[in-house]
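Novice: mind looking at a prediction? Sequence and model below.
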Amino acid sequence: MFRTLFVAAAIIVAAPALAFDAKPFDAQAFAAAQAAGKSILVEVHAPWCPTCKAQAPILSKLSAAPKFKGIVAYRVDFDSQKDALKALGVRQQSTLIAYKGKAETGRSVGSTDPAAIEMLVGSAI
């Protein structure tokens, strides 16, 4: 019984939090969201990145706020989605990019300041 609880707890702790119900980045879905004028957050993430791990609870908290309910979020895997990194002009994991439709409204690299991240996400609304 303890072993089962330990394994379940380990899985929960090891699983990355997907803030904003982030979907894996897909260029066509991203372009469609842009064309529709959606508020978009792109999160460039690497599972080994301590800064990405520090950003996760901040983004999770923001995703629960009513004013951010309409945000469409995509997660780019830094290690495997090199084409997306190039298309987005990203050189580093822990990059957050906000869009309102096709217009980029803000970008941050390596920020773990909750107020700065909230301001960035808010720029997409």
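Specialist: Done, it's in.
Novice: how about Ala116, nearest residue that isn't a chain neighbour?
Specialist: In this structure, Ala116 finds its nearest non-sequential neighbour in Ser108, 6.5 Å apart by Cβ to Cβ, 6 or more residues apart in numbering. C-beta: built from backbone N, CA, C; applies to glycine.
Novice: any idea how far that neighbour is from Gln28?
Specialist: To Gln28, Ser108 is 26 Å away according to Cβ to Cβ, to the nearest Å.
Novice: of these two, who's got more company?
Specialist: Taking other Cβ atoms under 10 Å, Ser108 and Gln28 do not tie; Ser108 has more neighbours (18 against 7).
Novice: need the three-state assignment for that one.
Specialist: Of the three states, Ser108 takes strand under DSSP: H, G, I helix; E, B strand; the rest coil.
Novice: that one: what's it in contact with?
Specialist: Thr95, Leu96, Ala116, Ile117, Leu120 (Cβ atoms under 8 Å, 6 or more residues apart in numbering).
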